[in-house]
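>>> please work out how this folds:
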Amino acid sequence: MRTIISAVLIVLVALLVPASAVAYWADRELGDADRYTAAMSPLAGDPAVQGVVASQVTRALAGQIDAGPFQGGVESLLGEAIRSFTGTPAYRTAWDAANRAAHAAFLEALATGHGDAVTIDLAPVVAQVKGDLVADGVPLADRIPETRLSVEVMEYDGLGALRKGFRMLQVAGVWLPLLTLVLAAAAIAVAVRRRRAVAATGLGLAVGAVLLWIAVAVCRRLTLDDLPADIDRAAAGAVYDALTAFLRTTAWLVLAVGLAAALAAWLTGRLRRTP
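Residues are numbered from 1 along each chain as shown. Reported below is the predicted structural model:
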């Protein structure tokens, strides 16, 4: 009976590993402004994301400037200036500030139920580009309007359900990892042969890590396949990878710990049998 209980607990541990990781991720990574901003910050240097920002800003600004027969040249000039700006420290600063604001807007939407999308305000980018072009004496640069330009980075339907799910994950992010550890310890404690239970629990952790990795990979594919045709998939993939980096790192870490525990238990048994 003790062996059966131990086996059931080990199976539960394997199943709870991905659930615990996702809950902790939602609570401590997505729910924290500093960690969210830090996760998104490297995307400022991602070529695909830079390309999306440059193209959207160029399109928006060019549509507000009437340069007559020189319209094509103005658009080309704007595009070059914006692409050049995306490689500067000032752009990275603006990117971080915009993402922090987007995170605050998302949490406010979850709290109040208002809004159906999260956007990144690119007004600081526009202002900086305009200032650089005017300083360089570029014709028509002074016609660039001081306007709010936002890029939609997330759209959500059924905000009520999303709010409930997110709050559940935040609550579970506190106790679910602890429950997983308690069940792992209990699986070893109730076992008749504890060394074998340690090995089995380690393998259970490894299986849970593999399940987590598979879940992240499958969700990535489903997310990208569900995107509208006008969304840049390379940029969307970069955003997804940045946001889920914690989950992938956790999967590798738990896999290493689980395999190490199983190997240590197996080696201990082999050494004890050696005369």
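>>> make it CA atoms for all contacts and neighbour counts henceforth
Will do.
>>> list the residues that contact the residue nearest the centre of the chain.
Nearest residue to the geometric centre of the chain (CA atoms, centre = their mean): L243, 0.9 Å. L243 makes contact with L30, Y36, A39, M40, according to CA atoms under 8 Å, 6 or more residues apart in numbering.
>>> mind listing residues that contact the helix or strand hosting the second one?
Looking back up the chat, that one is Y36. Using DSSP states H and E, Y36 maps to helix 33-40. Residues from elsewhere that reach helix 33-40, judged by CA under 8 Å, 6+ apart: R28, E29, L30, D96, N99, R100, H103, A104, V239, A242, L243, A245.
>>> about what we covered before: relative to I231, how far out is the residue nearest to the centre of the chain?
18 Å (CA to CA, to the nearest Å).
>>> now A256
When distance is defined by CA to CA, A256 is 37 Å away from I231.
>>> before we move on, the earlier item: would you list the contacts of helix 33-40 in CSV and tack on secondary structure, distance to D142 and pLDDT?
Putting those into CSV (DSSP: H, G, I helix; E, B strand; the rest coil; distance: CA to CA, whole Å; pLDDT from 0 to 100) gives the following:
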residue, secondary structure, distance to D142, pLDDT
R28, helix, 44, 85
E29, helix, 41, 85
L30, helix, 40, 83
D96, helix, 27, 87
N99, helix, 28, 84
R100, helix, 29, 86
H103, helix, 32, 83
A104, helix, 32, 82
V239, helix, 34, 88
A242, helix, 37, 92
L243, helix, 38, 89
A245, helix, 42, 93
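>>> I'd say L259 and A206 touch.
Yes. L259 lies in contact with A206 (CA atoms under 8 Å); the separation is 6.2 Å.
>>> which of those two has more neighbours?
A206 (26 against 20; other CA atoms under 10 Å).
>>> quick one: average confidence on whichever strand or helix holds the more buried one?
Counting by DSSP H and E, the element that carries A206 is helix 194-225. Helix 194-225 shows a mean pLDDT of 92.
>>> list the residues that contact the residue nearest to S6 when sequence neighbours are not counted.
The shortest distance from S6 to any non-neighbouring residue, by CA to CA, 6 or more residues apart in numbering, is to A187 (4.4 Å). Listed by CA under 8 Å, 6+ apart, the contact partners of A187 are I5, S6, A7, L9, I10, A197, T201.
>>> now do the third one, the pLDDT please.
Per-residue confidence (pLDDT) for A7: 88.
>>> how about L16, secondary structure?
The three-state assignment at L16 reads helix, by DSSP: H, G, I helix; E, B strand; the rest coil.
>>> who's in contact with the closest residue to it other than its chain neighbours?
Nearest non-adjacent residue to L16, counting by CA to CA, 6+ apart: T180, 6.2 Å away. By CA under 8 Å, 6+ apart, T180 lies in contact with V13, L16, V17, S20.
>>> and the angle from the helix or strand T180 falls within to helix 194-225?
For T180, the host element (DSSP H and E) is helix 159-190. With axes from the mean of the first three to the mean of the last three CA atoms, to 10 degrees defining the directions, helix 159-190 sits at 160 degrees from helix 194-225.
>>> centre of the chain to helix 159-190, how far?
Counting by CA atoms, centre = their mean, to the nearest Å, helix 159-190 is centred 20 Å from the centre of its parent chain.
>>> rewinding a little: neighbour-wise, which of A256 and I231 wins?
Under the criterion of other CA under 10 Å, the comparison of A256 against I231 puts A256 first, with 16 against 11.
>>> next up, the contacts around the more buried one.
Applying CA under 8 Å, 6+ apart to A256 gives the contacts A206.
>>> flag every buried residue along the particular helix or strand that has it in it.
Applying DSSP H and E as the criterion places A256 in helix 245-273. With burial defined by 16 or more other CA atoms under 10 Å, the residues of helix 245-273 counted as buried are 246-248, 250-252, 254-265.
>>> run the angle between that helix and helix 33-40 for me.
If you take the same axes, to 10 degrees, helix 245-273 sits at 90 degrees to helix 33-40.
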